[in-house]
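**Student:** let's see this in three dimensions:
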Amino acid sequence: MNQTIGKCIHPLHKALLGAVRATVRCGAVDIDAERCKGCGLCVGWCPAQTLALSAEANLRGYRHSTQVRPRDCIGCGTCATVCPDGCITCYRK
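**Tutor:** Below you'll find the predicted structure:
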């Protein structure tokens, strides 16, 4: 699988992005920044590429994930699924 952090190139993600965008206008992501350890899995797996690691560190010293383009979020929940610490909640609007 050709998957890199921050750039989604997986063909299934492209198909999912097209299908979900047709039915869902937008989503929202709630990230518990203090629990996030900055592993970057959510950033790499986001099909809409709306997440990034923050320039600022949380209280534990990790650069946490943050939503940089909230208007592009499709609410698919992939970020919440791949988060090993369960600190992401995804909503559809």
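**Student:** who's in contact with residue 79?
**Tutor:** By C-beta atoms under 8 Å, 6 or more residues apart in numbering, the contact list for residue 79 reads 29, 42, 45, 46, 51, 65, 88, 90. Quick note: C-beta positions are derived from backbone N, CA and C, even for glycine.
**Student:** now do the fifth one against residue 73, distance only.
**Tutor:** If I follow you right, that is residue 51. Per C-beta to C-beta, to the nearest Å, residue 51 is found 9 Å from residue 73.
**Student:** could you point out which element follows the helix or strand of the chain with the lowest mean pLDDT?
**Tutor:** Least confident helix or strand of the chain, by mean pLDDT, DSSP states H and E, is helix 11-23 with a mean of 62. The C-terminal neighbour of helix 11-23 among helices and strands, as given by DSSP states H and E, is strand 27-31.
**Student:** same for that next one, what does it pack against?
**Tutor:** strand 63-67, strand 88-92 (3 or more C-beta pairs under 8 Å, 6 or more residues apart in numbering; DSSP states H and E).
**Student:** next, the buried residues of the helix or strand following the first one.
**Tutor:** Scanning the chain past strand 63-67 towards its C-terminal end, the next helix or strand to appear is helix 78-82 (assignment: DSSP H and E). Of the residues in helix 78-82, 78, 79, 80 count as buried by neighbour count, 16 or more other C-beta atoms under 10 Å.
**Student:** hang on, the earlier thing: would TSV of the helices and strands packed on strand 27-31 with mean neighbour count be doable?
**Tutor:** Output for the helices and strands packed on strand 27-31, formatted as TSV (neighbours: other C-beta atoms under 10 Å):
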stretch	mean neighbour count
strand 63-67	20
strand 88-92	17
